[in-house]
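*Asks:* Coordinates only, no sequence provided:
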């Protein structure tokens, strides 16, 4: 998926990894989201990367996956759910790794 996103624009993959761009105004040292009507052309272009990323991700999914993640509002959220679904959480990955190591050690013992 990374290749598809980067092939359109490298900034799209950056949005998936680092989060979407939200233009802000600073008022009394407090950041507030800027109203859409005040966005500059560059701010609008940067915000569009998330929209493009969501479109590409949703276009590449099965129908079941589409319904599972279409409720999320940003590409990073969608990507996180897809990663956990297909790769598992860190605990699951660690358990799989340990199981493979244990299986390999049992195999070596049987061969030796």
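*Replies:* Sure, I can see it. Note that the structure is predicted; figures quoted are calculated from it, not measured. Numbering: from 1, shown residues only.

*Asks:* Tell me the spatial nearest neighbour of residue 24, not counting adjacent residues.
*Replies:* Nearest residue to residue 24 in three dimensions, chain neighbours excluded: residue 31, at 4.3 Å (CB to CB, 6 or more residues apart in numbering). No exception for glycine: its C-beta is placed from N, CA and C like everyone else's.

*Asks:* Give me the phi and psi for the one you found.
*Replies:* Backbone torsions of residue 31, given as degrees, to the nearest 10, read phi -90, psi 130.

*Asks:* What is the burial count for it?
*Replies:* Using other CB atoms under 10 Å, residue 31 has 10 neighbouring residues.

*Asks:* Which residues does it form beta bridges with?
*Replies:* residue 26 (DSSP bridges).

*Asks:* ok, and for the helix or strand hosting residue 91, which residues are buried?
*Replies:* Using DSSP states H and E, residue 91 sits in helix 90-111. Within helix 90-111, no residue is scored as buried using 16 or more other CB atoms under 10 Å.

*Asks:* Next up, the contacts around the residue minimising distance to the centre of the chain.
*Replies:* Nearest to the mean C-alpha position of the chain, by CA atoms, centre = their mean, lies residue 79 at 2.8 Å. Contact analysis of residue 79 by CB atoms under 8 Å, 6 or more residues apart in numbering lists 1, 16, 57.

*Asks:* Quick one: the residues you listed as JSON lines, columns for neighbour count too.
*Replies:* Formatted as JSON lines, the contacts of residue 79 follow (neighbours: other CB atoms under 10 Å):
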{"residue": "1", "neighbour count": "15"}
{"residue": "16", "neighbour count": "25"}
{"residue": "57", "neighbour count": "23"}
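
*Asks:* Just the ones in helices from the residues you listed, please.
*Replies:* Using DSSP state H, 16, 57 are the members of those that sit in helices.

*Asks:* and of the contacts of residue 79, the nearest to residue 73?
*Replies:* residue 57 (12.7 Å; CB to CB).
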